[in-house]
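In: Give me the fold of what follows.
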Amino acid sequence: MGFSYAPYAKAAALYRPDHTKLLIIQEAPPYALERHFYFTDVRAHDGLWVNFTRYAYKDDFGEEVAAERKRKDYWLGRCKKDGYQVIDSMREPIARNPHPKRVKMIAARAAAIVKECKEIAPDQILLAKKSVYEALAEPVAAAGLPLVNEEALPFPGRGQQLRFLAGLDTLVEQGRLKMPT
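Out: From the prediction side, this is the model:
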């Protein structure tokens with residue numbers, strides 16, 4: 001049986017803001033079908049959601065991630081209200097491919113991704129992962145879209161969480177990223 005992006009799109013649609021102040025473009029849905037930024041019953045390995053939410057709501061997000069995951073619907077609703085949105089570059093998992101192939105796969109969808117970004121019309125765009133940045137930075141910038149990162153930001157998993165958070169701090173300090181809370 002083939003992969004279906006429908007459950008991911010359905011979950012994301014529940015939390016789509018009326019106006020997107022910050023659009024984060026991640027690589028692709030994970031191979032583990034129970035995990036995604038917008039799925040509310042994730043028990044582990046949702047690094048982008050945990051780390052971005054922790055960053056955006058640092059004064060309110062608790063130390064116990066398991067407890068905050070139980071409130072994920074609340075947090076996603078808050079992201080929606082504050083204008084945060086996440087989309088996938090690809091509509092199927094690609095992480096098992098080597099990095100150069102993933103970049104080529106994403107680059108092959110660049111026109112579609114740029115079109116989607118124009119339809120969303122975000123105030124800011126953040127490319128989250130080296131493969132996403134390498135494939136999309138040039139076409140996104142060439143389209144006149146509001147890209148905030150001038151270099152790759154690591155995906156916050158597999159030990160890259162602190163680098164991801166430090167990268168967000170740097171973008172905020174430089175005035176390139178404005179957190180809409």
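
In: Leaving out the residues flanking it, which one is nearest to residue 53?
Out: What sits nearest to residue 53 in space, not counting adjacent residues and going by Cβ to Cβ, 6 or more residues apart in numbering, is residue 75, at 5.1 Å. No exception for glycine: its C-beta is placed from N, CA and C like everyone else's.

In: in which helix or strand would I find the one you found?
Out: Residue 75 belongs to helix 72-82 when assigned by DSSP states H and E.

In: now what about stretch 101-120, what contacts it?
Out: 20, 23, 25, 27, 85, 87, 89-90, 94-95, 97, 125, 131-132, 134-136, 139-140, 143, 145 (Cβ atoms under 8 Å, 6 or more residues apart in numbering).

In: related to what we said a few turns ago, looking at the following helix or strand past the helix holding residue 75 now, give me its mean pLDDT.
Out: Counting by DSSP H and E, the next helix or strand C-terminal to helix 72-82 is strand 84-88. Across strand 84-88, the average pLDDT comes to 98.

In: Same check on stretch 140-150?
Out: 97.

In: what's it in contact with?
Out: Contacts for stretch 140-150 (Cβ under 8 Å, 6+ apart): 113-114, 117-118, 122-127, 133, 137, 167, 171, 176-177.

In: mind listing which of these are in strands?
Out: In this view, those that belong to strands under DSSP state E are 125-127.

In: Dump those residues to JSON lines, plus distance to residue 56 and pLDDT.
Out: Converted to JSON lines, the ones in strands among the contacts of stretch 140-150 look like this (distance: Cβ to Cβ, whole Å; pLDDT from 0 to 100):
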{"residue": "125", "distance to residue 56": "16", "pLDDT": "98"}
{"residue": "126", "distance to residue 56": "12", "pLDDT": "98"}
{"residue": "127", "distance to residue 56": "17", "pLDDT": "98"}
